[in-house]
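J.: Give me a model of this one.
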Amino acid sequence: MVKKSTRQTWLLEEAYIMKDPFTPDKFLIAGSHCSLCSRAVCIATDRSLFYSKSFCLPCVKENLKFFPLEIQEDMDKRKPQQKS
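T.: Numbering: from 1, shown residues only. Presented below is the predicted three-dimensional model:
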């Protein structure tokens, strides 16, 4: 007898997904498209930001004043530290 999972997952946006090679019956979200410029972005935090939708970092930086204060503060923390 084959047991089939009945769980469903709903994503908030279209995304690139793949089967998890290490865990049966699970998947990984690899990326999506920027909600502003439509550029493909991976989910790495140094490449994109997810705030109800995915955004590439260049679009976030260009439109930072339209994001909530906590996102603005988070982006300030991401800035590379200057070497002395």
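
J.: To which secondary structure element is Gly31 assigned?
T.: Using DSSP states H and E, Gly31 sits in strand 27-33.

J.: can you check Ile71 too?
T.: Going by DSSP H and E, Ile71 is part of helix 69-78.

J.: And for Val60?
T.: helix 57-62.

J.: Point out where the chain drops to low pLDDT.
T.: When residues are selected by pLDDT under 70, those of the chain lie in 1-6, 80-84.

J.: what packs against the helix or strand following the strand holding Gly31?
T.: Toward the C-terminal end, the helix or strand that comes next after strand 27-33 (DSSP H and E) is strand 40-42. Packing partners of strand 40-42 (3 or more C-beta pairs under 8 Å, 6 or more residues apart in numbering; DSSP states H and E): strand 27-33, strand 54-56. For the C-beta atoms, the positions are set from N, CA and C on the backbone; glycine is no exception.

J.: Now do strand 40-42: distance to the chain's middle.
T.: Relative to its chain's centre, strand 40-42 lies at 8 Å (C-alpha atoms, centre = their mean, to the nearest Å).

J.: Adding mean neighbour count as columns, could you present the helices and strands packed on strand 40-42 in CSV?
T.: Below are the helices and strands packed on strand 40-42 laid out as CSV (neighbours: other C-beta atoms under 10 Å):
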stretch, mean neighbour count
strand 27-33, 16
strand 54-56, 24
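
J.: Export those as a markdown table, with columns for distance to Phe66.
T.: Listed next are the helices and strands packed on strand 40-42 as a markdown table, based on distance: least, C-beta to C-beta, whole Å:
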| stretch | distance to Phe66 |
| --- | --- |
| strand 27-33 | 19 |
| strand 54-56 | 10 |
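
J.: my read: Gly56 touches Arg39, true?
T.: One correction, residue 56 is Cys, not Gly. Yes. Judged on C-beta atoms under 8 Å, Cys56 makes contact with Arg39 at a distance of 5.1 Å.
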